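> I would like to see how this sequence folds:
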Amino acid sequence: MSAQPFYRITLVAHAWHVTRPRATLDHAFASLEEATAFVQNDSDGSAEYVELVADNIYMVKKLAPL
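Here you go, the predicted structure:
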(Lines give C-alpha, C1' and ligand atoms only; values in the text may rest on other atoms or scores of the structure.)
Protein backbone atom coordinates (compact mmCIF):
# COMPACT_ATOMS: atom_id res chain seq x y z
CA MET A 1 0.00 0.00 0.00
CA SER A 2 0.91 3.61 -0.41
CA ALA A 3 3.06 5.39 2.20
CA GLN A 4 0.99 8.56 1.92
CA PRO A 5 -1.78 9.28 4.46
CA PHE A 6 -5.28 8.12 3.55
CA TYR A 7 -8.41 10.14 3.08
CA ARG A 8 -11.27 8.75 5.17
CA ILE A 9 -14.85 8.43 3.88
CA THR A 10 -17.44 7.74 6.59
CA LEU A 11 -21.18 7.12 6.24
CA VAL A 12 -22.97 9.34 8.77
CA ALA A 13 -26.77 8.99 8.70
CA HIS A 14 -27.50 9.49 4.98
CA ALA A 15 -24.37 11.42 3.97
CA TRP A 16 -20.81 10.41 3.10
CA HIS A 17 -18.26 12.55 4.97
CA VAL A 18 -14.73 12.94 3.59
CA THR A 19 -11.87 13.82 5.94
CA ARG A 20 -8.59 14.89 4.37
CA PRO A 21 -5.30 13.58 5.76
CA ARG A 22 -4.28 15.61 8.82
CA ALA A 23 -7.39 17.81 8.61
CA THR A 24 -10.26 18.39 10.98
CA LEU A 25 -12.83 19.67 8.48
CA ASP A 26 -15.19 17.19 6.82
CA HIS A 27 -16.91 17.57 3.48
CA ALA A 28 -20.33 15.90 3.07
CA PHE A 29 -21.71 14.30 -0.10
CA ALA A 30 -24.98 12.58 -0.99
CA SER A 31 -23.33 9.54 -2.61
CA LEU A 32 -20.18 7.48 -2.30
CA GLU A 33 -19.39 8.24 -5.94
CA GLU A 34 -19.41 11.99 -5.23
CA ALA A 35 -17.19 11.51 -2.18
CA THR A 36 -14.73 9.38 -4.16
CA ALA A 37 -14.65 11.92 -7.00
CA PHE A 38 -13.88 14.66 -4.45
CA VAL A 39 -10.93 12.64 -3.08
CA GLN A 40 -9.52 12.07 -6.56
CA ASN A 41 -9.92 15.73 -7.50
CA ASP A 42 -8.63 17.09 -4.17
CA SER A 43 -5.53 14.86 -4.29
CA ASP A 44 -4.89 15.64 -7.98
CA GLY A 45 -5.24 11.92 -8.66
CA SER A 46 -2.42 10.94 -6.29
CA ALA A 47 -4.62 9.16 -3.70
CA GLU A 48 -4.42 5.42 -4.35
CA TYR A 49 -6.51 4.25 -1.39
CA VAL A 50 -9.19 5.61 0.95
CA GLU A 51 -10.34 4.40 4.34
CA LEU A 52 -14.04 3.61 4.15
CA VAL A 53 -16.24 3.29 7.25
CA ALA A 54 -19.89 2.29 6.90
CA ASP A 55 -22.23 0.46 9.28
CA ASN A 56 -19.39 -0.14 11.78
CA ILE A 57 -17.28 -1.85 9.09
CA TYR A 58 -13.80 -0.55 8.28
CA MET A 59 -12.38 -1.11 4.80
CA VAL A 60 -9.55 0.14 2.65
CA LYS A 61 -10.67 0.82 -0.91
CA LYS A 62 -8.30 1.05 -3.87
CA LEU A 63 -9.25 3.93 -6.14
CA ALA A 64 -9.32 3.59 -9.89
CA PRO A 65 -6.70 5.77 -11.58
CA LEU A 66 -7.93 8.98 -13.20
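
> shaky segments in the chain?
By pLDDT under 70, the low-scoring segments of the chain are 1-3, 66.

> One more pass at 50, please.
Applying pLDDT under 50 to the chain picks out residues 2.

> Find the centremost residue of it, please.
With distances taken as Cα atoms, centre = their mean, residue 9 lies nearest the centre of the chain, 3.7 Å away.

> quick one: contacts for residue 9?
16-19, 32, 35-36, 39, 50-53, 61 (Cβ atoms under 8 Å, 6 or more residues apart in numbering). Just so you know, the C-beta spots here come from the backbone N, C-alpha and C atoms, and that holds for glycine as well.

> show me where this protein has strands.
With DSSP state E as the criterion, the chain has strands at 7-12, 15-19, 26-29, 49-54, 57-62.

> Could I get the contacting residues of the nearest residue to residue 38 once chain neighbours are set aside?
Nearest residue to residue 38 in three dimensions, chain neighbours excluded: residue 18, at 5.6 Å (Cβ to Cβ, 6 or more residues apart in numbering). Contacts for residue 18 (Cβ under 8 Å, 6+ apart) come out as 7-9, 26-29, 35, 38-39, 42.

> Residue 57: which of those residues is nearest?
Among the contacts of residue 18, residue 9 lies closest to residue 57 (Cβ to Cβ), at 12.4 Å.

> What subset of the contacts of residue 9 is buried?
Buried members of these, scored by 16 or more other Cβ atoms under 10 Å, are 16-19, 35-36, 39, 50, 52.

> Spatially, which two of the residues you listed are the most separated?
Farthest pair in these, by Cβ to Cβ: 19 and 36, 13.6 Å.

> Tell me, how many residues neighbour the residue lying closest to residue 11 once chain neighbours are set aside?
Closest residue in space to residue 11, ignoring its immediate chain neighbours: residue 54 at 4.0 Å, by Cβ to Cβ, 6+ apart. Neighbour count of residue 54, defined by other Cβ atoms under 10 Å: 13.
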